[in-house]
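J.: task: produce atomic coordinates for the following.
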Amino acid sequence: MNDFITELQDLRYLDWTDKKLSIGTPGCFLKAYEEKNSVRFYYKLSNYDSYRGIFGHECVNELIVSRLLDVLEIPHLRYQLVYAELCIDGQNQKGYVSKSVNFRKKNEKKIAFDIYYELHRENKESPLEYAKRCGWEQYVYQMFAVDYLICNRDRHGANIELLLDEKGTAHPAPLFDHGLSFLFSCYDNLERIRKFDVLEDRAVNNFIGSKSLEYNLSLIPKGDKLFPGELKAEHEAMILGGLDQIFLEVHLKKIWEMLWKRWNRYAEICN
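T.: Got it, this is the predicted structure:
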């Protein structure tokens, strides 16, 4: 699959009335979906408000993380970045949209981790303790490491999903929803991009583990090999390929600096 469609697509028929607010960020994140040949496709925008239109780079971040997780070889929702003409609030505008395919099997249902945890936890069992009891610790440790690498600030309880089969047995869904990561809070402010400290342990809203991305690495058993794949210097071109149409060079270099330095910091703490 071509994961970046640069030719303008006409998606003005999509209905963007489903709005998701995110605490601590201006505007909202619009979502839409369509059915084609019994397959459901999901679309989401970067940040949006009525007077600025589409702004931010959350959709682009989704593509970068999708490519990174391909390198690390762990299950994840693959995102496609599409340049499109859209109709929002009756106004036509052009922008980038993130497209994905429903990852549920025909007879599966989904439920947010935080809801399922509240229904099934024992006494004062923490979300991490509950995940371990269910045998999902490898999944959680991979999530801790990935969120550290990309500086993901938005792993709340609904950004972790469980899939239920016909018997009601639950298992973790592939990792998804990584938009509020990297330098998302800098937007296109060059001064803020240049000054951004790629190793700073920024405030996050994790549901599992602590509110510190770096501390969560210390919760991973030492010496565990979490990923079949390994990030290498030569992956920079693949992970960031084609994005010079959207980001300035200084922005792309800062994103790679974050990934590379955090990868080495992860290896230092966990090995």
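J.: residue boundaries of the helices in the chain?
T.: With DSSP state H as the criterion, the chain has helices at 58-72, 113-120, 127-133, 137-150, 190-195, 213-218, 236-240, 249-270.
J.: export these to JSON lines and append columns for mean pLDDT.
T.: Formatted as JSON lines, the helices of the chain follow (pLDDT from 0 to 100):
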{"stretch": "helix 58-72", "mean pLDDT": "97"}
{"stretch": "helix 113-120", "mean pLDDT": "97"}
{"stretch": "helix 127-133", "mean pLDDT": "98"}
{"stretch": "helix 137-150", "mean pLDDT": "97"}
{"stretch": "helix 190-195", "mean pLDDT": "96"}
{"stretch": "helix 213-218", "mean pLDDT": "95"}
{"stretch": "helix 236-240", "mean pLDDT": "98"}
{"stretch": "helix 249-270", "mean pLDDT": "96"}
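J.: excluding its backbone neighbours, what's nearest W136?
T.: P172 (5.5 Å; C-beta to C-beta, 6 or more residues apart in numbering). Heads up, the C-betas are built off the backbone N, CA and C, glycines and all.
J.: go on, I54?
T.: G95 (3.9 Å).
J.: residues near the one you found, how many?
T.: 18 (other C-beta atoms under 10 Å).
J.: and it, how far from R52?
T.: In this structure, G95 and R52 are 11 Å apart, going by C-beta to C-beta, to the nearest Å.
J.: extract the residue ranges of the stretch 1-150 of the chain that are flagged as low pLDDT.
T.: Within the stretch 1-150 of the chain, the segments meeting pLDDT under 70 span 1, 18-27.
J.: re earlier: hmm, V82 and the residue nearest to I54 touching each other?
T.: No - in this structure, G95 is not within contact of V82 by C-beta atoms under 8 Å, at 9.7 Å.
J.: then stretch 36-50 to CSV, C-alphas only?
T.: What follows is stretch 36-50, C-alpha atoms only, in CSV (Å, rounded to 0.1, in the frame of the first residue of the first chain):
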residue,chain,number,x,y,z
LYS,A,36,-16.8,0.3,0.5
ASN,A,37,-17.4,-3.3,-0.5
SER,A,38,-18.3,-4.2,3.1
VAL,A,39,-15.0,-2.7,4.4
ARG,A,40,-15.1,0.3,6.8
PHE,A,41,-12.5,3.0,6.3
TYR,A,42,-11.9,5.6,9.0
TYR,A,43,-10.6,9.2,8.4
LYS,A,44,-9.4,11.7,10.9
LEU,A,45,-8.0,15.2,10.6
SER,A,46,-5.3,17.1,12.5
ASN,A,47,-6.5,19.8,14.8
TYR,A,48,-9.4,21.9,13.6
ASP,A,49,-11.4,25.0,14.6
SER,A,50,-13.9,27.1,12.7
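J.: mind checking how far that stretch is from the chain centre?
T.: 15 Å (C-alpha atoms, centre = their mean, to the nearest Å).
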